[in-house]
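*Asks:* next come a sequence and a model predicted from it.
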Amino acid sequence: MALALHIALGHLRRRKRQTVVSVLGVALGVGFFIAITALMRGFQTYFVQQVIDVAPHVVMKDEFRSPARQPVELAFAGGAVVLHGLKPRDTVRGIREAGAKLAAIEALPGLAAAPMLRGPALLRYGARETSVSVGGIDPERERRVTDIEKDMTEGRLEDLRATANGVIIGIGVAQRLGARVGDTVTAVSPAGIAQSFRIVGIIATGVTAIDASEAYVLLRLAQVLLDRPNVINAIRIRLADVRQAEPLARRLETVFGYRTESWEESNQNILGLFVIQNAIMYSVVGAILLVAAFGIYNIISTVVHEKARDIAILKSLGFRAGDIERIFLLEGAIVGIAGALAGWVVGLGLIELLAQVRFQQMGPVIQGRDRFLLAREWWPYLAGGGFALAAASVAAFIPARRASRLNPVEIVRGAA
């Protein structure tokens, strides 16, 4: 092995320019893979953390995933029966026997649950008005299922109880109304009920959809405003292990029948975009490494052609076909390893360079951040290095195989 390594290094040293170009090609591929991965994963991780922190992990709603089957469909199951013109029955919306369901959910280990009544309303402050989604909450339970208190830039969650008719609004709602903490706004519900509320807090979650449309009041006040006494239309759940959100949602929906969504299902469109982003990233970087692999193939193929007589001499001295193949595979592996190590340095340098780039605040989506969101993880280094080594080895295999099959007798006769 030592002799094979010495011969492989000698071949590469004699073609320094091509070797350096191939190593740089691999290094750039690995470096860009590390940097782009840090950039993509940084934003994706930030978004997922925001969703997990701001919203509950599982939400049970007062609706059903599919309409109830009609008696005629049950009586003639599988028959040629078509039902037309069926209108949904007018029913009182809300989760039935909510107290019992809430107690059953809270009895499960590793989770916390909180009731909510959500409905639309119009907030007015002077001549300005904006539509909001009013959420009636129990502050003590809400604290256990969301991090709303952490996102409050003004006021405290306890102020909902301490202040008569208190309301907490998103920072986007406050900006549209031109209102501040301490101001009194009027809420008008679709039921025609108008009620005055005093702003006791402002939240800034960093998620535009929440900050520009959310308002929170005590549960009993929301029931009065929306004219739905003793009704809740959502049970919000937070788990110790977010990976169990989807299995728990499916289990609760099977047991209770109400539509239950995990955070993955609620954000599946955006999570699907992340998959597409990653596929594009891997394709681009893979193309860069593929070009570098062709460079490695070119080097070793040229060496095999130029060193045909040397290969014949080595075989006549007792080198077997496997020994010859090992020499040229080592050349590819050396270029791959050198490129991977150089790529780690390039990737680390690009990450540090991106970390120094500043940009103007781009709105609530990345509120409070004036730099790129970078994920500093170790696995892209290993993945990029492993892919580079694999590409170099595959590129070296074909010429190495051809070199091992050269007939020394034919080479010597041809040379003579």
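*Replies:* That came through fine.
*Asks:* residue 245: what's it in contact with?
*Replies:* Neighbouring residues of residue 245 by Cβ atoms under 8 Å, 6 or more residues apart in numbering: 57, 58, 239, 262, 263, 264. Bear in mind the C-beta positions are built from the backbone N, C-alpha and C, glycine included.
*Asks:* what sits against residue 350?
*Replies:* Contact partners of residue 350, counting by Cβ under 8 Å, 6+ apart, are 31, 32, 34, 35.
*Asks:* any idea how far it is from residue 185?
*Replies:* Note on residue 350: its distance to residue 185, by Cβ to Cβ, to the nearest Å, is 49 Å.
*Asks:* before we move on, what about residue 288?
*Replies:* Separation of residue 288 from residue 185 (Cβ to Cβ): 56 Å.
*Asks:* and what of residue 41?
*Replies:* Here the distance between residue 41 and residue 185 works out to 41 Å (Cβ to Cβ).
*Asks:* who's more crowded, the two?
*Replies:* The neighbour count for residue 41 versus residue 185, taken as other Cβ atoms under 10 Å, is higher for residue 185 (24 against 21).
*Asks:* burial count for residue 376?
*Replies:* Count around residue 376 with other Cβ under 10 Å applied: 12.
*Asks:* again with residue 36
*Replies:* If you count neighbours by other Cβ under 10 Å, residue 36 ends up with 21.
*Asks:* phi and psi next, for residue 61.
*Replies:* phi -110, psi 160 (degrees, to the nearest 10).
*Asks:* residue 229 too?
*Replies:* phi -60, psi 140.
*Asks:* now the two most distant members of the contacts of residue 245.
*Replies:* Maximum pairwise distance among the contacts of residue 245 (Cβ to Cβ): 12.2 Å, between 239 and 264.
*Asks:* these two - which one has more neighbours?
*Replies:* Under the neighbour definition other Cβ under 10 Å, residue 239 and residue 264 were set side by side, and residue 239 has more, 20 against 17.
*Asks:* quick check: bridge partners of that one?
*Replies:* In this entry, residue 239 is beta-bridged to residue 111, by DSSP bridges.
*Asks:* against residue 135, how distant is it?
*Replies:* 20 Å.
*Asks:* tell me where the stretch 101-250 of the chain has strands.
*Replies:* 111-125, 128-137, 152-154, 166-170, 184-188, 194-203, 214-218, 234-239 (DSSP state E, counting those that start in this stretch).
*Asks:* including mean pLDDT and distance to residue 144, could the ones you listed go into JSON lines?
*Replies:* Converted to JSON lines, these look like this (pLDDT from 0 to 100; distance: least, Cβ to Cβ, whole Å):
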{"stretch": "strand 111-125", "mean pLDDT": "92", "distance to residue 144": "4"}
{"stretch": "strand 128-137", "mean pLDDT": "92", "distance to residue 144": "11"}
{"stretch": "strand 152-154", "mean pLDDT": "88", "distance to residue 144": "16"}
{"stretch": "strand 166-170", "mean pLDDT": "92", "distance to residue 144": "17"}
{"stretch": "strand 184-188", "mean pLDDT": "93", "distance to residue 144": "26"}
{"stretch": "strand 194-203", "mean pLDDT": "92", "distance to residue 144": "17"}
{"stretch": "strand 214-218", "mean pLDDT": "92", "distance to residue 144": "15"}
{"stretch": "strand 234-239", "mean pLDDT": "90", "distance to residue 144": "6"}
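*Asks:* for those, which one ends up most surrounded?
*Replies:* With neighbours taken as mean count of other Cβ atoms under 10 Å, these reach their highest mean count in strand 166-170, at a mean of 26.
*Asks:* wait, is residue 389 part of a helix?
*Replies:* Yes. Assessed by DSSP: H, G, I helix; E, B strand; the rest coil, residue 389 belongs to a helix.
*Asks:* host element of the residue nearest the centre of the chain?
*Replies:* Nearest to the geometric centre of the chain sits residue 44, at 4.1 Å (Cα atoms, centre = their mean). Per DSSP states H and E, residue 44 falls inside helix 16-54.
*Asks:* helices and strands around that helix, which ones?
*Replies:* helix 268-306, helix 321-356, helix 379-404 (3 or more Cβ pairs under 8 Å, 6 or more residues apart in numbering; DSSP states H and E).
*Asks:* pLDDT on that helix, on average?
*Replies:* The average of the pLDDT scores along helix 16-54 is 78.
*Asks:* and the angle from it to helix 321-356?
*Replies:* In this structure, helix 16-54 runs at an angle of 50 degrees to helix 321-356, with axes from the mean of the first three to the mean of the last three Cα atoms, to 10 degrees as the basis.
*Asks:* of all the residues in helix 16-54, which ones are buried?
*Replies:* Neighbour-count burial for helix 16-54, counted by 16 or more other Cβ atoms under 10 Å, picks out 18-19, 22-44, 46-48, 50-52, 54.
*Asks:* how about the CA coordinates for stretch 25-40, as CSV?
*Replies:* Output of stretch 25-40 as CSV, limited to C-alpha atoms (Å, rounded to 0.1, in the frame of the first residue of the first chain):
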residue,chain,number,x,y,z
GLY,A,25,-13.3,22.2,-8.6
VAL,A,26,-14.1,19.7,-5.8
ALA,A,27,-13.4,22.4,-3.2
LEU,A,28,-15.7,24.9,-4.7
GLY,A,29,-18.5,22.3,-5.0
VAL,A,30,-18.1,21.3,-1.4
GLY,A,31,-17.7,24.9,-0.2
PHE,A,32,-20.8,26.1,-2.0
PHE,A,33,-22.8,23.1,-0.7
ILE,A,34,-21.9,23.9,2.9
ALA,A,35,-22.6,27.7,2.5
ILE,A,36,-25.9,27.2,0.6
THR,A,37,-27.0,24.5,3.1
ALA,A,38,-26.3,26.9,6.0
LEU,A,39,-28.3,29.6,4.3
MET,A,40,-31.3,27.5,3.4
